[in-house]
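A.B. asks: this one's sequence-less:
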């Protein structure tokens, strides 16, 4: 009888520990790390900030505290203000992985859309430009970068450069580059280019 009671107590202890481990593993990822109310879009397949650039879309800006939280070791302290970074989209939000995009350089001349990826501990393991737009009057250059999602780690990015020659507004040249790249996860890792092509546009 004592043996049965001992077995029962051991079973209860093991079951309790098992549940505790499951709970602690689940709690490794902070469920409130990402506040979905900050973001404008969810689960995008295409990334293009042209409408935002033209003032047709309004986004919420990050506070200094939020910038430090999301950008972590990638934060550029000298550029942190209440408008420089703006929330864009949530791509994935699970206990094991979180993917968001943020407009970086919202008050600068060359803003881009950054994809930030976090592991189950909410540590930043991916940081990549996924779209962008700009206008440089000094160089008579306009450019636009937009991307299409193939899967969670692979994207097809298109960049279009438009520039005038000899300040002649009628003489405009356009180039386009198409880049297929794969995201590499880890500290300070860059995207891996899988294929790249350049075209002259009419």
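C.D. replies: Noted; the coordinates are in hand. Source: prediction; values computed, not measured.

A.B. asks: can you give me the strands for this structure?
C.D. replies: With DSSP state E applied, the chain shows strands at 41-42, 46-47, 85-93, 98-104, 112-118, 124-136, 141-149, 154-165, 168-182, 192-201, listed in chain order.

A.B. asks: Just name whatever secondary elements the fourth one is in contact with.
C.D. replies: Just to be clear, that refers to strand 98-104. Judged by 3 or more C-beta pairs under 8 Å, 6 or more residues apart in numbering; DSSP states H and E, strand 98-104 is in contact with strand 85-93, strand 112-118, strand 124-136. C-beta coordinates here come from the backbone N, C-alpha and C atoms, glycine included.

A.B. asks: Quick check, central residue of this protein?
C.D. replies: Nearest residue to the geometric centre of the chain (C-alpha atoms, centre = their mean): residue 115, 1.4 Å.

A.B. asks: Okay, and the beta partners of that one?
C.D. replies: As for beta bridges, residue 115 partners with residue 101, residue 128 under DSSP bridges.

A.B. asks: for it, what are its contacts?
C.D. replies: Contact analysis of residue 115 by C-beta atoms under 8 Å, 6 or more residues apart in numbering lists 91, 99-101, 126-130, 183.

A.B. asks: can you do 10 Å?
C.D. replies: Residues in contact with residue 115 (C-beta atoms under 10 Å, 6 or more residues apart in numbering) are 47, 88-89, 91, 99-102, 126-131, 147, 149, 155, 183, 191.

A.B. asks: repeat for residue 145
C.D. replies: 47-49, 112-113, 129-134, 157-161, 177, 179.

A.B. asks: which among those end up buried?
C.D. replies: The neighbour-count test (16 or more other C-beta atoms under 10 Å) marks 47-49, 112-113, 130-134, 157-161, 179 as buried among the contacts of residue 145.

A.B. asks: Just confirm residue 129 contacts residue 146, I think it does.
C.D. replies: No - in terms of C-beta atoms under 10 Å, residue 129 does not count as a neighbour of residue 146; the distance is 11.2 Å.

A.B. asks: what is in contact with these two at once?
C.D. replies: Common neighbours of residue 129 and residue 146 (criterion: C-beta under 10 Å, 6+ apart): 47, 113, 157.

A.B. asks: what's the closest of these to residue 59?
C.D. replies: Closest approach to residue 59 among the shared contacts of residue 129 and residue 146 (C-beta to C-beta): residue 113, at 10.6 Å.

A.B. asks: for the nearest residue to the closest one once chain neighbours are set aside, what are its contacts?
C.D. replies: Nearest non-adjacent residue to residue 113, counting by C-beta to C-beta, 6 or more residues apart in numbering: residue 131, 4.0 Å away. Shown in contact with residue 131 (C-beta under 10 Å, 6+ apart): 44, 46-50, 52, 88, 101, 103, 111-115, 144-147, 155, 157-159.

A.B. asks: related to what we said a few turns ago, dump the helices and strands packed on strand 98-104 into a markdown table; add distance to residue 39 and mean pLDDT as well.
C.D. replies: Shown next, in a markdown table, are the helices and strands packed on strand 98-104 (distance: least, C-beta to C-beta, whole Å; pLDDT from 0 to 100):
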| stretch | distance to residue 39 | mean pLDDT |
| --- | --- | --- |
| strand 85-93 | 5 | 96 |
| strand 112-118 | 12 | 95 |
| strand 124-136 | 15 | 92 |
